[in-house]
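# test case, fold it:
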Amino acid sequence: MERILVTVTGGTTEDLGALARGICLARRIGAHLYVVGLERPTEHRGEEPYRLVPASEVGERMHMLIEGARGDGVSVSTYILRGNPEEGILAFCREHRVTLWIVGVPGRQRRKHHQAMMWVHSLRHKLGCSVEMVRPKSEIFRKESR
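The predicted structure follows:
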């Protein structure tokens, strides 16, 4: 059975796109989907400690997607990893024998694009699975219209 990992970092639109892609793929091929929230120790500032993503409009849409997928029979497990995200992802992929990691990356216009791409590429070489990077749809449509 295929095992898909989707990491979410803070309820961004990139996270939402990666989650939607993961659910769609898991539904289509009958894979197990792991949705993992990455939380650095300095990020917790008195909010509810065990939410997958912060309470926001995007966060609520993500929770609705997860519940909808479960209702459709998709096997979805959610986890929160604390501490060093790199070590957490590597350990999670080994422990759960993940076959595909889906991660959202910011669009090219955003300042964090290069940093996110470098982070994913550095992890990709250490992982024993395929990696799919998802970027915002608005970025894709802009590129195609040029």
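
# so which bits of stretch 74-93 are buried?
Val74, Val76, Ile80, Leu81, Pro85, Gly88, Ile89, Phe92, Cys93 (16 or more other Cβ atoms under 10 Å). Quick note: C-beta positions are derived from backbone N, CA and C, even for glycine.

# what's the longest helix in this structure?
helix 13-29 (DSSP state H).

# and that one, average pLDDT?
Mean pLDDT, computed over helix 13-29, is 93.

# go on, stretch 91-102?
Model confidence over stretch 91-102, given as mean pLDDT, is 95.

# which residues in the chain form strands?
3-8, 32-39, 75-82, 100-104, 130-134 (DSSP state E).

# quick revisit: and which of the buried residues of stretch 74-93 is nearest to Val134?
Ile89 (15.9 Å; Cβ to Cβ).

# identify the residues contacting that closest one.
Residues in contact with Ile89 (Cβ atoms under 8 Å, 6 or more residues apart in numbering) are Leu5, Thr7, Val36, Leu38, Leu81, Trp101, Leu123, Leu127.

# just checking, what packs against the longest helix of the chain?
When contacts are defined as 3 or more Cβ pairs under 8 Å, 6 or more residues apart in numbering; DSSP states H and E, helix 13-29 sits against strand 3-8, strand 32-39, helix 57-71, strand 75-82, strand 100-104, strand 130-134.
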